[in-house]
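A.B. asks: Here is the input, now give the coordinates:
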Amino acid sequence: MSNKPTTAAKTTITRDVAKLDLETGNVYESVALLGKRADQISVRIKEELSTKLEEFAMSGENLEEVYENREQIEVSKHYERMPKPGALAIQELQEGKLYWRRGGEEAPAIEPTAPKA
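C.D. replies: Next comes the predicted model:
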């Protein structure tokens with residue numbers, strides 16, 4: 001299980017929107033950035049959970065017999081109690097752990113210089 005210590009909120013909390021744009025300079029850019037990062041975190045968590053639950057997969061196709069596996073239930077509950085990906089993304093932004101670059105900006109063009117004669 002993901003044992004990374006985190007101080008991200010496990011419930012919904014009210015945030016000051018003015019503080020979101022401190023890093024990027026634009027609230028909308030910050031929200032888009034947080035959304036993309038939350039998607040990345042969500043995919044990682046889903047992959048982790050899928051690999052953990054594959055260990056408990058039953059090979060038979062007998063739908064009548066359903067077994068409760070305590071370990072499987074505990075793994076599922078652990079992932080349910082984890083902070084949501086959006087909260088983790090906001091925490092990363094506030095702690096300065098997020099890296100991004102603007103795609104619309106181009107590097108300055110270098111003009112070739114004429115050889116001096």
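A.B. asks: residues touching the residue nearest the centre of the chain, list them.
C.D. replies: Centroid-nearest residue in the chain: Ile41, 2.1 Å away (criterion: CA atoms, centre = their mean). Taking CB atoms under 8 Å, 6 or more residues apart in numbering, we find Ile41 in contact with 85, 88-89. For every residue, glycine as well, the C-beta is placed using N, CA and C.
A.B. asks: which regions of this structure lie under the pLDDT threshold?
C.D. replies: 1-5, 58-67, 105-117 (pLDDT under 70).
A.B. asks: wait, which of the contacts of Ile41 is closest to Asp21?
C.D. replies: Taking CB to CB as the measure, Asp21 sits nearest to Ala89 out of the contacts of Ile41, at 15.0 Å.
A.B. asks: For the strand or helix carrying that closest one, C-alpha coordinates in CSV please.
C.D. replies: Applying DSSP states H and E as the criterion places Ala89 in helix 85-94. Extracted C-alpha coordinates of helix 85-94, given in CSV (Å, rounded to 0.1, in the frame of the first residue of the first chain):
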residue,chain,number,x,y,z
PRO,A,85,-6.2,13.2,-5.9
GLY,A,86,-7.3,16.8,-6.1
ALA,A,87,-6.2,17.4,-2.4
LEU,A,88,-2.9,15.7,-3.1
ALA,A,89,-2.3,18.0,-6.2
ILE,A,90,-3.2,21.1,-4.2
GLN,A,91,-0.8,20.0,-1.4
GLU,A,92,2.0,19.5,-4.0
LEU,A,93,1.4,22.9,-5.5
GLN,A,94,1.5,24.6,-2.1
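A.B. asks: how about Glu23, what does it touch?
C.D. replies: Each residue near Glu23 by CB under 8 Å, 6+ apart is listed here: 30, 93, 96, 98.
A.B. asks: Neighbour count, distance to Glu71 and secondary structure added to the residues you listed, as a markdown table?
C.D. replies: A markdown table is the format used below for the contacts of Glu23 (neighbours: other CB atoms under 10 Å; distance: CB to CB, whole Å; DSSP: H, G, I helix; E, B strand; the rest coil):
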| residue | neighbour count | distance to Glu71 | secondary structure |
| --- | --- | --- | --- |
| Ser30 | 21 | 40 | helix |
| Leu93 | 20 | 35 | helix |
| Gly96 | 8 | 37 | coil |
| Leu98 | 18 | 34 | coil |
